[in-house]
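> Dropping the sequence and predicted coords here.
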Amino acid sequence: MKAALRVNTDFTTEVLDLSENEYEQLFEAVGGLIEAADLDADLTLWCNEEGKLIGLTPNIIATKLWEKSFGPTDIILGDCVFTGGTDEDGETRELPHGWLVQLQELAARIRKAVMTDA
């Protein structure tokens with residue numbers, strides 16, 4: 001299994017297996033054309049390349065991780081996928097377990113806080 005984590009704008013998450021049909025799964029998960037940004041050596045963000053053009057909802061978690069890496073230079077829109085960087089051949093690596101757990105816990109805490117405030 002090549003684990004990846006989809007983090008949705010509503011703070012729900014889904015573990016994906018990118019072992020087969022990686023491009024198609026990423027395309028479907030972000031709802032269109034994919035764009036990748038390496039946030040760290042072992043963390044890549046995949047988002048919809050046209051998110052701003054088509055008016056997708058802001059992804060707060062993805063935006064905060066972007067800001068941690070690059071400063072407040074952009075906002076990430078739409079559902080996103082996180083993987084574990086690339087290997088020496090340029091192939092996508094699976095998301096390390098530590099990142100997977102950390103992102104799932106963060107999304108759950110924010111989702112709970114949002115639901116409590118609603």
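The structure has been received and is ready for your questions.
> Low-confidence ranges, this protein, go.
Residues of the chain meeting the criterion pLDDT under 70: 118.
> List the contacts of Glu94.
Met1, Lys2, Ala3, Ala4, Leu18, Thr83, Gly84 (Cβ atoms under 8 Å, 6 or more residues apart in numbering). From N, CA and C alone the C-beta is placed, and that goes for glycine too.
> can we see that at 6 Å?
Glu94 sits next to Lys2, Ala3, Gly84 when contact means Cβ atoms under 6 Å, 6 or more residues apart in numbering.
> Include secondary structure when you put the residues you listed into JSON lines, please.
Listed next are these as JSON lines, based on DSSP: H, G, I helix; E, B strand; the rest coil:
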{"residue": "Lys2", "secondary structure": "coil"}
{"residue": "Ala3", "secondary structure": "strand"}
{"residue": "Gly84", "secondary structure": "coil"}
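> if we take those residues, which one ends up nearest to Gln104?
Closest to Gln104 out of the contacts of Glu94 is Ala3 (11.4 Å), distances taken as Cβ to Cβ.
> Tell me what the closest one is bridged to.
Ala3 has these beta-bridge partners by DSSP bridges: Asp17.
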